[in-house]
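K.L.:
Next comes the sequence, and after it the predicted model I'd like to discuss.
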2 protein chains.
Amino acid sequence: MYSVLFGSRGSTHAIPNSLSYKTYYFYQKIDHFGFLSNATFKQRYLVNEQHWHQENGPILFYTGNEGDITWFCNNTGFMWDVAEELGAMLVFAEHRYYGESLPFGEESYSDAKHLNYLTSEQALADFAVLIKALKRTIPGARDSPVIAIGGSYGGMLAAWMRMKYPHIVVGALAASAPIWQFTDMVPCDVFYKIVTNDFHKAEKGCAESIRGSWKAINNVTSTAEGLQWLSSEFSLCAPLKNKVEAAAFKSWLQETWVNLAMVDYPYEANFLQPLPRWPIKVVCQYLTHPTVPDQQLLQGISKAVKVYYNYTGNAPCLNMSQTATGSLGAMGWYYQACTEMVMPMCSNGVGDMFEPQAWDFQAYAEECRALFGVTPRPDWADTIYGGKNIKSHSNILFSNGGLDPWSGGGVTKSLSDSLVAIVIPDGAHHLDLRYNTNYDPQSVMDARDTEVKYMKLWIKQAANSP
Amino acid sequence: MYSVLFGSRGSTHAIPNSLSYKTYYFYQKIDHFGFLSNATFKQRYLVNEQHWHQENGPILFYTGNEGDITWFCNNTGFMWDVAEELGAMLVFAEHRYYGESLPFGEESYSDAKHLNYLTSEQALADFAVLIKALKRTIPGARDSPVIAIGGSYGGMLAAWMRMKYPHIVVGALAASAPIWQFTDMVPCDVFYKIVTNDFHKAEKGCAESIRGSWKAINNVTSTAEGLQWLSSEFSLCAPLKNKVEAAAFKSWLQETWVNLAMVDYPYEANFLQPLPRWPIKVVCQYLTHPTVPDQQLLQGISKAVKVYYNYTGNAPCLNMSQTATGSLGAMGWYYQACTEMVMPMCSNGVGDMFEPQAWDFQAYAEECRALFGVTPRPDWADTIYGGKNIKSHSNILFSNGGLDPWSGGGVTKSLSDSLVAIVIPDGAHHLDLRYNTNYDPQSVMDARDTEVKYMKLWIKQAANSP
């Protein structure tokens, strides 16, 4: 998940190597769970066989999430890094309703009727059907063990794939997968607390400055001149005109801090946005004096925000409507958040640096009905995927970064010998899935070693059971 | 499953004890897997708490199959027999589209659109949602371990319930559940071979007589007088008029032999029909001379068939349109067989006593399209439920009767320490789920002991894991 709020989004990433894959399309049934229609759509998937040991060598299968699959392919260097060692084929499967995999083409998002097949269950069934077809049709793949890999929502799908289709995938690496960020599983304030902590640890005064900024914005935007001054100071493409837009401005800032926490990587990277090494440290150098007057505080915030939105120096102005890459499918994710993926979030301004905001399911549901004509089912994820009661499953690695706000809803303690939690204290959102670099902290190198060790174990287990 | 052929059905059973249960209704979403509509229907369920240990005592949950739930309730004496020993609450949940649990009332079967929510996945989701609601609302049930129990298709659902919702049921007793009676899992002729073997073992010449009867029928029905003679000899309510009806007559006989194999119980019972003790033995006493002339052979067949259809002596004539109890929902099962539950069957007249009939999926699919406007998906059950590759699951008992033709598609060898096969050599279709009687063979008594032992183990496991 690259969005917490209505109106948030995820970002393109420079491709470190030139990746070589072939693009294919597979005809999937639009509805796996009903027989009224046999209509199909073309699901895109990408394949690299360069290092594959053709006689039943393993398949690493990326369970695509809410965006263009080429973007996930380019940002999951880990799979490319380990392919040779494992003799693995790489497959990246696009999630329905994202990228090119649109069940009803341009009509896919037109109304609730067309959106009706955008569910995690249908997506998992797509993956299951595709994997069976690949094993049936690719010479030498019949007995290939398949490992599901994914990050964020894709990590949830990887874990659920193993839970629901253990006959199809021998194991799963679920990176930064907040499978417990649902109602009554973790406290709703855990997410913003972690974001806050990242800023708090980066520099003295940083979290406090942000906490103080909300009131400063309220003060400044109470006058027309203030609105104008703020718009100019932040180089906004569309100047703020009133209180409602000032509120949207605060939401945009909040999302910016969240995104920074997600991508606080130890090297220059372009995931949600092009950013420097350890971007929160860079941001926080402008936020060391929380008690200065309002305008001075907001000048610091402006400089900080521009690290995120204009690290390249090429942005003529800041556009509040886009906080991250266009490769993510924002509308699709909002729909999913409005149906199955109801993830309660709250803040109180004390344990965190944000304005107090309670979790209000009724208001949330109203917004969903207004936007899509659907009513969220907050209990469903627990019913179908088991919530905290998942010990009977096996062969799932849950990796989480200590810097990543989504780790609050993740599995950070091992549940059994084969439901293993891997914590990367210095890691942000699925850092372990990214390419090896010279800047990697020891913790992520250790995590990847553990991940490869378990994958080899699963492959061996599969070879030993006929 | 109480039907193999298009046109077969399952029968009411005398209630041995006066069962005391309360009837409830629960509002279920018609579509658990889509958000276009939140429409609900009333699912019926029956509850007995007489022996329940209210502080987290176990719940035995019958996963209802293709018929009126009161009929399954009355024919699952095992649950009533063990309730006291286990301190268990009994719940019998009706399967959607059967009995009173009709999603669209009288319209439920009107067309493919209304039938679209009749799937095993939706039924399992109903059970999951209902169990969660019971545990939430019944005082003392919050931490009650739930064990899924079912026979036949209900046994498949019990097993699948544990596979797909292991967080909701701690284990499953899947009695006579042919979870492998799908494409490419077992030979298609296994079913009729077992039927044949039952008749073969019962009496010398019996299977041979039946094998010879098909040709005798062809011979006799080649003339108008023959058709008339046969109709009269069999006391058919509607005399046979032509070749097409003669073919239907043969199908009806075939189904009769199948049903006898299913209900070859060691005592008088009324499950599919009122029948004597070991009915195949009774039937076979009329079928000891396979080489007699056609009419004489068919006179024997007629006497045999009347054991099944007129044991009570009250039937004024034999009605070919009904082979078993009206408590089963034949139409619903045909629809399920035409969508997910595609179970290949074939005979060759050599290894079995039936006319040679190859498995012809194309013809089958055509019939489904004509009947319901749907096309069967023969691979789907394997994709969603794992086929033969189910070793990663746990806590499932698969019991099968050696006399039961469905045992050919069942799990008759243990797959692991906790996927345990129980074979009852003298048992017909889910004999173990019926009441204890003085006529029970030792094998079924042993089976029930094993079943109780494992249920106690699961209950203990659940108590030990918080």
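P.N.:
On my side now, so go ahead. Numbering: from 1, shown residues only, chains lettered A, B, ... in the order given.
K.L.:
Which other helices and strands does the longest helix along chain A contact?
P.N.:
The helix spanning the most residues in chain A, taking DSSP state H as the definition, is helix A:442-464. Applying 3 or more C-beta pairs under 8 Å, 6 or more residues apart in numbering or on different chains; DSSP states H and E, we find helix A:442-464 packed against helix A:77-86, strand A:146-151, strand A:171-175, strand A:396-401, strand A:419-424. Just so you know, the C-beta spots here come from the backbone N, C-alpha and C atoms, and that holds for glycine as well.
K.L.:
Pull out the buried residues from the longest one.
P.N.:
Read it as helix A:77-86. Across helix A:77-86, burial judged by 16 or more other C-beta atoms under 10 Å in any protein chain shown covers A:77-83, A:86.
K.L.:
Then stretch A:384-392?
P.N.:
When neighbours are counted by 16+ other C-beta under 10 Å, the buried residues of stretch A:384-392 are found to be A:384-387, A:390, A:392.
K.L.:
Repeat that for stretch A:342-349.
P.N.:
When neighbours are counted by 16+ other C-beta under 10 Å, the buried residues of stretch A:342-349 are found to be A:342-347.
K.L.:
for chain B, what are the nearby residues on the stretch 151-300 of chain A?
P.N.:
With C-beta under 8 Å from any C-beta of the partner chain as the criterion, the stretch 151-300 of chain A comes near chain B at residues A:164-168.
K.L.:
repeat that for 10 Å
P.N.:
By the criterion of C-beta under 10 Å from any C-beta of the partner chain, the positions of the stretch 151-300 of chain A lying close to chain B are A:162-168, A:170.
K.L.:
contacting residues for the residue in the stretch 151-300 of chain A positioned nearest to chain B?
P.N.:
When scored by C-beta to the nearest C-beta, the stretch 151-300 of chain A has A:H167 as its residue closest to chain B, at 3.5 Å. For A:H167, the contact set (C-beta atoms under 10 Å, 6 or more residues apart in numbering or on different chains) comprises A:128, A:132, B:163, B:382-393.
K.L.:
Against A:D31, how distant is the closest residue to A:D68 other than its chain neighbours?
P.N.:
In space, and not counting its chain neighbours, A:D68 is closest to A:G99: 3.9 Å by C-beta to C-beta, 6 or more residues apart in numbering or on different chains. In this view, A:G99 and A:D31 are 20 Å apart by C-beta to C-beta, to the nearest Å.
K.L.:
A:D198 now?
P.N.:
Separation of A:D198 from A:D31 (C-beta to C-beta) stands at 42 Å.
K.L.:
again, but for A:I301
P.N.:
According to C-beta to C-beta, A:I301 and A:D31 sit 48 Å apart.
K.L.:
These two: who's more crowded?
P.N.:
Here A:I301 and A:D31 are set side by side on neighbour count (other C-beta atoms under 10 Å in any protein chain shown), and the busier one is A:I301, at 24 against 20.
K.L.:
Name the residues of the helix or strand containing the more buried one that are buried.
P.N.:
With secondary structure defined by DSSP states H and E, A:I301 is part of helix A:294-309. With burial defined by 16+ other C-beta under 10 Å, the residues of helix A:294-309 counted as buried are A:294, A:297-298, A:300-309.
K.L.:
Out of the residues of the stretch 151-300 of chain A next to chain B, give me the two with the largest separation.
P.N.:
Within those, two members stand farthest from each other by C-beta to C-beta: A:K164 and A:V170, at 14.0 Å.
K.L.:
Which residue is the nearest non-sequential neighbour of the closest residue to chain B within the stretch 201-350 of chain A?
P.N.:
The nearest approach of the stretch 201-350 of chain A to chain B comes at A:T339, 4.4 Å away (C-beta to the nearest C-beta). For A:T339, the nearest residue in space outside its immediate sequence neighbours is B:F35; the separation is 4.4 Å by C-beta to C-beta, 6+ apart.
K.L.:
residues contacting A:E121?
P.N.:
A:32-33, A:160, A:164, A:340, A:380, A:384-385, B:32-34, B:121, B:125.
K.L.:
between these, which has the most around it?
P.N.:
Within these, A:W160 tops the neighbour count with 29 neighbours, counted by other C-beta under 10 Å.
K.L.:
Okay, and that one sits in which element?
P.N.:
Counting by DSSP H and E, A:W160 is part of helix A:153-164.
K.L.:
count of neighbours near the residue lying closest to A:N310 once chain neighbours are set aside?
P.N.:
Closest residue to A:N310 apart from its sequence neighbours, by C-beta to C-beta, 6+ apart: A:L318 at 7.1 Å. A:L318 is flanked by 20 other residues according to other C-beta under 10 Å.
K.L.:
wait, A:L318 sits on A:S302?
P.N.:
Yes - under the contact definition of C-beta atoms under 10 Å, A:L318 touches A:S302, with a separation of 9.1 Å.
K.L.:
Give the residues shared as contacts by those two.
P.N.:
Shared contacts of A:L318 and A:S302 (C-beta under 10 Å, 6+ apart): A:234-236.
K.L.:
Now tabulate these in TSV and tack on pLDDT and secondary structure.
P.N.:
As requested, the shared contacts of A:L318 and A:S302 are exported to TSV (pLDDT from 0 to 100; DSSP: H, G, I helix; E, B strand; the rest coil):
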residue	pLDDT	secondary structure
A:F234	96	coil
A:S235	96	coil
A:L236	96	strand
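K.L.:
Which one of the residues you listed sits in the busiest neighbourhood?
P.N.:
Neighbours here are counted as other C-beta under 10 Å. On that basis the top member of the shared contacts of A:L318 and A:S302 is A:F234, with 24 neighbours.
K.L.:
and the helix holding A:W160, what does it pack onto?
P.N.:
When contacts are defined as 3 or more C-beta pairs under 10 Å, 6 or more residues apart in numbering or on different chains; DSSP states H and E, helix A:153-164 sits against strand A:59-63, strand A:89-93, helix A:120-137, strand A:146-151, strand A:171-175, helix A:380-385, strand A:396-401, helix B:153-164.
K.L.:
which stretch among those comes nearest B:S418?
P.N.:
helix B:153-164 (10.1 Å).
K.L.:
now that closest one against helix A:153-164, angle please.
P.N.:
On the basis of axes from the mean of the first three to the mean of the last three C-alpha atoms, to 10 degrees, helix B:153-164 is oriented at 140 degrees to helix A:153-164.
K.L.:
Quick one: mean pLDDT over helix B:153-164.
P.N.:
pLDDT averaged over helix B:153-164 equals 98, rounded to a whole number.
K.L.:
sorry, back to before: just the contacts of A:E121 now: which is nearest B:F372?
P.N.:
Looking at the contacts of A:E121 and their distance to B:F372, the nearest is A:F33, at 16.5 Å (C-beta to C-beta).
K.L.:
these two touch, right, the residue nearest to A:D68 and A:G67?
P.N.:
Yes - contact between A:G99 and A:G67 holds when scored by C-beta under 10 Å: they sit 6.7 Å apart.
K.L.:
what is in contact with these two at once?
P.N.:
A:327-329, A:332.
K.L.:
ok so, going back, can you give me the buried ones in the longest helix of chain A?
P.N.:
A:443-444, A:447-448, A:451-452, A:454-455, A:458-459, A:461-462.
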